[in-house]
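Colleague: Please find the sequence and the predicted model below.
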Amino acid sequence: MTQDQPVEGQTESLTFQTEVQQLLNILANSLYTEREIFLRELLSNASDALHRIQFEMLTNRDVLDPEAELGITLDFDEEAKTLTITDTGIGMTREELIENLGTIAHSGALSFLKRLEEGQRPTDIIGQFGVGFYSVFMVADEVRVTSRSYLPDNQAWTWTSQGTSTYTLTPADKTERGTTIEIQLNEGATEFASAWRLEQIIRKHSNYISFPIHLKDKVINQQTALWRQSASEVSDEDYDDFYRQLTLDPEKPLLHIHMSTDAPVNLRTVLYVPSHLDQSPMRLRTDHGLKLYSRKILIQEYNKDLLPEYLRFVEGVVDSEDVPLNISRETVQSNRVLNHIQKALTKRLLKALRELSDEQPEEYRKFWEAFGAFIKEGIATSPFNHDDLLPLLHFPSSKSGDALITLSEYTARMQEDQEPIYYILGDSIDSVTLSPHLDYFKAHDLEVLYLVDPLDGFMIQGLREFEGKQLKNVDEADLELPEEESPAETSEEGLTEEAFNSLTRRFKQVLGERVTEVRESKLLQGSPCRLVSAESGPEKELQRVRRLLEQDFKLPAKILEINRAHPLIQNLARMLGESPDAILIDTAIEQLFANLLLIEGLYPNPADMVPRIQKLLEAATQTKDA
């Protein structure tokens, strides 16, 4: 194509290379997922032009229209199906029109096209091939770009294209500085000749462009981005208003984080922790993720890579000029920049939650009740953040009453010779409080953490120690506790070894493969028996999780420990000696086993116990009558 200056009034027809036509088809028809993106791209280009003239006039006032307002104007004609976008930016000369709008005709277009055909998604090329501008052909039959440079004596020119193999350049009569884009909308794009639709797109994608966007004599965009202001300039009311605008949640957020850094990555962000998990029914968001901006232009509505999955309850916006965008600026390329951003945001968020826990415990209690499960998920799935997550854990315990305690609080009041941190898994505080596993610990004033959340069996996989102290489940068969201090050691009177062994054999006979062993307990005091796991480690802890998730879950066999000093056990042994064939003995053994499963939250169908309990009641009343 020739770029020699034409005769005044002459229209030039310039021809794109063959491969560029194919490239235009890809850009216009398959690269973008949403057609409305074209308006974001054109407004971004206009904003860039305005920034350039603003910078030029800092040192040079010899420009065309130096007093003109810096802004963007949209107009449309519903009947003619046209949309017009005008800016008062730096404008373009004839050569710059060819350079900026014809760049895709450069020799690099062929290699770029080849990479696209091979399925590659090249990065860092926005503007290099005029990609953003050419998105307009998703909605246009024809596009006319009339531009006049800021240089006072320069001629205005009109660039015209139908997105085919050629475009034209014609001298224009435009007297004002800047660029006007006239779009003849195609039949499927008439929605964009609508004030309501244009305003909707602007507020979604371009609300924070620094210059006013006029539509029907009204400024549409907000311009000032709260996250790009200094935190000292923003009031709590401003933060709350922005949160409501962002989420449509009528309640105030629990806390906000305003963060601004330039190293190791450029980052401007405002993040919110909601005050509750259940969002407003007016909530418009359909997915989780942060809003990602680049230079105040919305790139992604729901970006899930800026925070780890377990922090998906966090709301907010992230703006970074360093984020590597793909060619359509609709998605982000994964690289070290994203990793830096995620690490920075995660660390700052967890620090803010730690401060909330330390300084405002009542407020943190609200957070924990709403989002504690997410922190537990992080413990199980994100070992890299353990040090920051562990202080956020709060649990009920055998000594905490209605309060919750941290692991640090637990270790601070451990007994002098206590080595492990003890915990018990169960379905509720009420059930674990009755657990026979706690007999020894109650007798010796040892505190036990109550892990009664369905997620706790999963979480404990990632929580094996804290500050060098191992966590131990009180139902472990090999739990090392001082046997000489056990009250059970002095409880053998009244029950001979032969009678006790006969009873353990009868327990094993009745329960069969449901237990691997029946043996004497060295720890029980106030309870007749308990079930301990035959195995330890992750597999044991996950049994509770599997019971919740698997319909055909089968409880693994456990070890049954019997307290030979308990009156109920002694009565059963006596009955067995007097009447070995008594069915009531077997019924009582079944019920004792069911009781243990029920307390641990492992009994499959409690209603099954009703006939057995009724039989025991009948026997008890008959005995009384006799």
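Modeller: Thanks, I have the structure now. Numbering: from 1, shown residues only.
Colleague: Can you give me the pLDDT of the nearest residue to residue 199 once chain neighbours are set aside?
Modeller: Spatially, and ignoring its direct neighbours in sequence, residue 199 is nearest to residue 220 (5.3 Å; Cβ to Cβ, 6 or more residues apart in numbering). No exception for glycine: its C-beta is placed from N, CA and C like everyone else's. You'll see residue 220 listed with a pLDDT of 95.
Colleague: Make 54 the starting number, not 1.
Modeller: Renumbered: residue one is now 54, and that last one reads residue 273.
Colleague: Pull the contacting residues for residue 650.
Modeller: Shown in contact with residue 650 (Cβ atoms under 8 Å, 6 or more residues apart in numbering): 584, 608, 656.
Colleague: Point me to the helix or strand that includes the second one.
Modeller: Applying DSSP states H and E as the criterion places residue 608 outside every helix and strand.
Colleague: hmm, back to that, which of the contacts of residue 650 has the most neighbours?
Modeller: residue 584 (24 neighbours; other Cβ atoms under 10 Å).
Colleague: Quick check: phi and psi on that residue?
Modeller: phi -110, psi 130 (degrees, to the nearest 10).
Colleague: which residues does residue 428 contact?
Modeller: By Cβ under 8 Å, 6+ apart, the contact set of residue 428 is 363, 421, 442, 445-446.
Colleague: any idea which element it lies in?
Modeller: Going by DSSP H and E, residue 428 is part of helix 414-434.
Colleague: for the helix or strand that that helix is followed by, packing partners?
Modeller: Of the helices and strands lying after helix 414-434 in sequence (DSSP H and E), the nearest is helix 439-442. Where contact means 3 or more Cβ pairs under 8 Å, 6 or more residues apart in numbering; DSSP states H and E, helix 439-442 is packed against helix 389-412, helix 414-434.
Colleague: Tell me the gap between the first one and the middle of its chain.
Modeller: If you compare the mean C-alpha spot of helix 389-412 with that of the full chain, they lie 13 Å apart, counting by Cα atoms, centre = their mean, to the nearest Å.
Colleague: before we move on, back to that, now the contacts of residue 428: which count as buried?
Modeller: The neighbour-count criterion (16 or more other Cβ atoms under 10 Å) marks 363, 421, 442, 445-446 among the contacts of residue 428 as buried.
Colleague: and which of the residues you listed is nearest to residue 504?
Modeller: Residue 504 has its nearest neighbour among these in residue 446, at 10.3 Å by Cβ to Cβ.
Colleague: what pLDDT does the closest one get?
Modeller: 97.
Colleague: Does residue 254 lie in a helix or a strand, and which?
Modeller: Going by DSSP H and E, residue 254 is in helix 248-258.
Colleague: buried ones in that helix?
Modeller: For helix 248-258, by 16+ other Cβ under 10 Å, it's 251-252, 254-256, 258.
Colleague: Adding distance to residue 570, write these out as TSV.
Modeller: TSV is the format used below for these (distance: Cβ to Cβ, whole Å):
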residue	distance to residue 570
251	76
252	74
254	70
255	73
256	69
258	67
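Colleague: And the helices in the stretch 454-603 of the chain?
Modeller: Remark: helices assigned in the stretch 454-603 of the chain by DSSP state H, counting those that start in this stretch are 460-465, 482-486, 492-496, 509-512, 550-564, 591-602.
Colleague: okay, these, which one's buried deepest?
Modeller: Of all these, helix 509-512 carries the top mean neighbour count, a mean of 22, counting by mean count of other Cβ atoms under 10 Å.
Colleague: any idea of the mean pLDDT for that helix?
Modeller: Averaging the model's pLDDT scores along helix 509-512 yields 89.
Colleague: Just give the nearest non-adjacent residue to residue 619, would you?
Modeller: residue 581 (4.3 Å).
Colleague: distance of residue 256 from residue 87?
Modeller: 15 Å (Cβ to Cβ, to the nearest Å).
Colleague: go on, residue 620?
Modeller: Counting by Cβ to Cβ - residue 620 and residue 87 are separated by 75 Å.
Colleague: What of residue 114?
Modeller: Residue 114 is 41 Å from residue 87, by Cβ to Cβ.
Colleague: between those two, who's got more neighbours?
Modeller: Set residue 114 next to residue 87 and count neighbours by other Cβ under 10 Å: residue 87 wins out with 12 against 9.
Colleague: which SS state does the more buried one fall under?
Modeller: What DSSP: H, G, I helix; E, B strand; the rest coil gives for residue 87 is coil.
Colleague: For it, give me phi and psi.
Modeller: phi -130, psi 130.
Colleague: got a pLDDT number for it?
Modeller: 83.
Colleague: can you check residue 441 too?
Modeller: On the pLDDT scale, residue 441 gets 95.
Colleague: same thing with residue 338?
Modeller: On pLDDT, residue 338 comes in at 60.
Colleague: Can you classify residue 136 by secondary structure?
Modeller: At residue 136 the chain is in strand, as set by three-state DSSP.
Colleague: Do I have it right that it meets residue 129?
Modeller: Yes: the pair formed by residue 136 and residue 129 meets the contact definition of Cβ atoms under 8 Å, at 4.9 Å.
Colleague: Give me the residue ranges of the stretch 454-603 of the chain where confidence is low.
Modeller: Within the stretch 454-603 of the chain, the segments meeting pLDDT under 70 span 535-547, 588-603.
Colleague: Compile the buried residues of helix 248-258 into TSV and extend it with columns for pLDDT and distance to residue 529.
Modeller: TSV is the format used below for the buried residues of helix 248-258 (pLDDT from 0 to 100; distance: Cβ to Cβ, whole Å):
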residue	pLDDT	distance to residue 529
251	97	66
252	96	64
254	95	61
255	95	62
256	92	59
258	91	57
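Colleague: Check those against residue 287 and report the nearest one.
Modeller: Using Cβ to Cβ, residue 256 is the member of the buried residues of helix 248-258 that lies nearest residue 287, at 20.4 Å.
Colleague: I'd like the distance between that closest one and residue 250.
Modeller: Remark: distance between residue 256 and residue 250 (Cβ to Cβ) = 11 Å.
Colleague: do the same with residue 572
Modeller: Using Cβ to Cβ, residue 572 is found at 76 Å from residue 250.
Colleague: Select the helix or strand of the protein having the lowest average pLDDT value.
Modeller: In the chain, no helix or strand scores lower on mean pLDDT, DSSP states H and E than helix 161-170, which sits at a mean of 53.
Colleague: Name the next helix or strand following that one along the chain.
Modeller: Immediately after helix 161-170, counting by DSSP H and E, sits helix 184-187.
Colleague: my guess is residue 278 meets residue 349, correct?
Modeller: Yes: Residue 278 is in contact with residue 349 according to Cβ under 8 Å; the separation is 5.0 Å.
Colleague: and the two? which has more neighbours close in?
Modeller: Higher neighbour count among residue 278 and residue 349: residue 349, with 23 against 19, using other Cβ under 10 Å.
Colleague: Quick check: closest non-adjacent residue to residue 645.
Modeller: Residue 645 sits nearest to residue 582 (Cβ to Cβ, 6+ apart), 5.9 Å away.
Colleague: Test my guess that that neighbour contacts residue 647.
Modeller: No: in this structure, residue 582 is not within contact of residue 647 by Cβ under 8 Å, at 11.6 Å.
Colleague: Looking at those two, which is more packed in?
Modeller: Shown here are residue 582 and residue 647; by other Cβ under 10 Å, residue 582 has more neighbours (21 against 16).
Colleague: Domain ranges for this structure, per the record?
Modeller: Domains of the chain are assigned by automatic domain parsing as 65-272, 279-414, 541-586+608-678.
Colleague: for these, which one sits closest to residue 484?
Modeller: domain 541-586+608-678 (5.4 Å).
Colleague: Check the offset of that closest one from the chain's centre.
Modeller: Centre-to-centre, domain 541-586+608-678 and its host chain are 48 Å apart (Cα atoms, centre = their mean).
Colleague: measure stretch 254-273 end to end?
Modeller: Length of stretch 254-273, first residue to last, Cα to Cα, to the nearest Å: 10 Å.
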